[in-house]
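Student: next input, structure requested:
(one chain, ligands or ions: 2)
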Amino acid sequence: MKILLTGGSGMVGRNLLDHATAATHEVVAPSSKVLDLTDKQAVALYIADLQPDLVIHAAGRVGGIHYNSAYQTEALVDNIEMGMNVVMAARDAGVPRLLNLGSSCMYPRDAPNPLSEDLILSGKPEPTNEGYAIAKIAVARLCLYVSRARPTLRYKTLIPCNLYGVYDKFDPNVSHLVSAVIAKVHDARVNGRETVDIWGDGTARREFLFAGDLADAVWASVERFDDLPDLMNVGCGSDYSVNEYYEAVARVLEWDGGFTHDLSKPVGMQRKLVATDRQAAFGWSPRHSLDEGIRLTYDHYLTIGH
Ligand SMILES: NC(=O)C1=CN([C@@H]2O[C@H](COP(=O)(O)OP(=O)(O)OC[C@H]3O[C@@H](n4cnc5c(N)ncnc54)[C@H](OP(=O)(O)O)[C@@H]3O)[C@@H](O)[C@H]2O)C=CC1
Ligand SMILES: C[C@H]1O[C@H](OP(=O)(O)OP(=O)(O)OC[C@H]2O[C@@H](n3cnc4c(=O)[nH]c(N)nc43)[C@H](O)[C@@H]2O)[C@@H](O)[C@@H](O)C1=O
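Tutor: Ligands and ions are numbered 1, 2, ... in the order given. Here you go, the predicted model:
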């Protein structure tokens, strides 16, 4: 198939391109310099000209809790513009299949865990990523509306839990938990520091999936697209406390220092574990343990000049 991949230079996009299945398709992955997805007309012309069989929308303006709470305008506007432009251009060009990436941030702050797909829009999102969540919900809903109005077009959304992995972002201004902890513990290790700071009291819980596993789930969804539900969580089915993620990184990086807690930092949702019933029924599950994923991510981190 001829596949348009947006976000090909990002963590998810690069893991998708590295996956063996990518080589069995014609994957076209324009960079943001070639195709700015916030430019509605450029996107419409590009997709009408390319006429892909499938679009994988993996582009996004995304950062961890600090970025998303500090840049709510950009998180809302960029993600909603990119998503609307890509979905509407695909619809108008008659692209038959589209796979959109949402996020577990779409779920209401106070929804019961594990978070099942029917809970979307059942309550207010987490304030620290409200703009991002609204954009993600809007684009996921747009996919549903387009498919309902034109049944020959199947536009579906995967809802990944938090992600980490090779090609992740390690800058503390934009990084998510696991990549941030790897950078902080590495810094303590090489500079002989005895303590590392944890944001919050460390009791919040998170589910982190290795990005290589998400890529595998996306390709499995592409290969068995007609069996895929319109909306499906992608997760590892278990979560850990923030404190436990710090302990896991210290274990893998073989650092035996201590931890302090900075209670002035944002904490976000107390828990964010996605339900994996639909994922199990679809017949997919992740392969990497947390320690294996941290090891692979750290090996990558060391290759990029640290
Ligand atoms: N990371 C996570 O924990 C999670 C991520 N997701 C979702 O997965 C997707 C990928 O995330 P991730 O790989 O981590 O993100 P990254 O920040 O690593 O990559 C984002 C990608 O989007 C591209 N992009 C951003 N703005 C534009 C634009 N205006 N035009 C064209 N391309 C643009 C970037 O290109 P460039 O570098 O050129 O700007 C980059 O390729 C996103 O939709 C995100 O919301 C969902 C759940 C968790
Ligand atoms: C995937 C989803 O996830 C994002 O929300 P989030 O899950 O809250 O993001 P996070 O991974 O950055 O934080 C997870 C938890 O970890 C704690 N924490 C401790 N110490 C550090 C630390 O040093 N850095 C960070 N970032 N968090 C820390 C932090 O206090 C919080 O409790 C959305 O913005 C959005 O990007 C989105 O799509």
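
Student: and stretch 36-47, average pLDDT?
Tutor: The pLDDT scores in stretch 36-47 average 98.

Student: residues in contact with that stretch: which ones?
Tutor: With contacts defined as Cβ atoms under 8 Å, 6 or more residues apart in numbering, stretch 36-47 is touched by 4, 6, 30, 35, 55, 59, 78, 81-82, 84-86, 88-90, 92-93, 95. All C-beta atoms are positioned from the backbone trio N, CA, C, and that covers glycine.

Student: just the element for residue 45, please.
Tutor: helix 40-50 (DSSP states H and E).

Student: after that helix, which helix or strand is next? Please name it.
Tutor: strand 54-57.

Student: all helices of the stretch 201-306 of the chain, in order?
Tutor: For the stretch 201-306 of the chain, the helices defined by DSSP state H, counting those that start in this stretch cover 211-223, 242-252, 277-282, 290-303.

Student: want to throw these into JSON lines with mean neighbour count and distance to ligand 2?
Tutor: JSON lines is the format used below for the helices of the stretch 201-306 of the chain (neighbours: other Cβ atoms under 10 Å; distance: least, Cβ to the nearest ligand atom, whole Å):
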{"stretch": "helix 211-223", "mean neighbour count": "21", "distance to ligand 2": "11"}
{"stretch": "helix 242-252", "mean neighbour count": "19", "distance to ligand 2": "5"}
{"stretch": "helix 277-282", "mean neighbour count": "16", "distance to ligand 2": "17"}
{"stretch": "helix 290-303", "mean neighbour count": "17", "distance to ligand 2": "14"}
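
Student: in the helix holding residue 45, which residues are buried?
Tutor: 42-44, 46-47, 50 (16 or more other Cβ atoms under 10 Å).

Student: same question, stretch 73-82
Tutor: In stretch 73-82, counting by 16+ other Cβ under 10 Å, buried: 75-76, 78-82.

Student: which of the contacts of stretch 36-47 are buried? Put it as a PyMOL command.
Tutor: To isolate the buried ones among the contacts of stretch 36-47 in PyMOL, judged by 16+ other Cβ under 10 Å, type:
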select buried, resi 4+6+30+35+55+59+78+81+82+84+85+86+88+89+90+93+95
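
Student: ok, and what's touching the longest helix along the chain?
Tutor: As assigned by DSSP state H, the longest helix anywhere in the chain is helix 72-93. Identification of contacts with helix 72-93 by Cβ under 8 Å, 6+ apart yields 6, 37-40, 43-44, 46-48, 51-52, 55, 57, 59-62, 67-68, 98, 100, 129-132, 134-136, 138-139, 142-143, 146, 150, 153, 155.

Student: now do the following helix or strand past it: distance to the chain's middle.
Tutor: Under the assignment DSSP H and E, the closest C-terminal helix or strand after helix 72-93 is strand 97-101. What separates the centre of strand 97-101 from the centre of its chain is 13 Å, taken as Cα atoms, centre = their mean, to the nearest Å.

Student: same thing with stretch 240-247?
Tutor: Remark: stretch 240-247 is offset 20 Å from the chain centroid, using Cα atoms, centre = their mean.

Student: just the mean pLDDT for it, thanks.
Tutor: If you average the pLDDT over stretch 240-247, you get 98.

Student: try stretch 112-128
Tutor: Per-residue scores along stretch 112-128 average to 98.

Student: now do the buried residues in that stretch.
Tutor: 113-117, 119-120, 125-126, 128.

Student: for ligand 1, what's its nearest residue on the stretch 1-150 of the chain.
Tutor: Residue of the stretch 1-150 of the chain nearest ligand 1, by Cβ to the nearest ligand atom: residue 10 (2.1 Å).

Student: who's in contact with whichever residue of the stretch 51-200 of the chain sits closest to ligand 2?
Tutor: Going by Cβ to the nearest ligand atom, ligand 2 is nearest to residue 64 of the stretch 51-200 of the chain, at 2.7 Å. Contacts here follow Cβ under 8 Å, 6+ apart; on that basis residue 64 touches 174-177, 180.

Student: quick check: the farthest pair among the residues you listed?
Tutor: Farthest pair in those (Cβ to Cβ) is 174 and 177. Separation: 12.3 Å.

Student: so between the two, which is more surrounded?
Tutor: Neighbours were tallied for residue 174 and for residue 177 using other Cβ atoms under 10 Å; the higher tally belongs to residue 177 (22 against 17).
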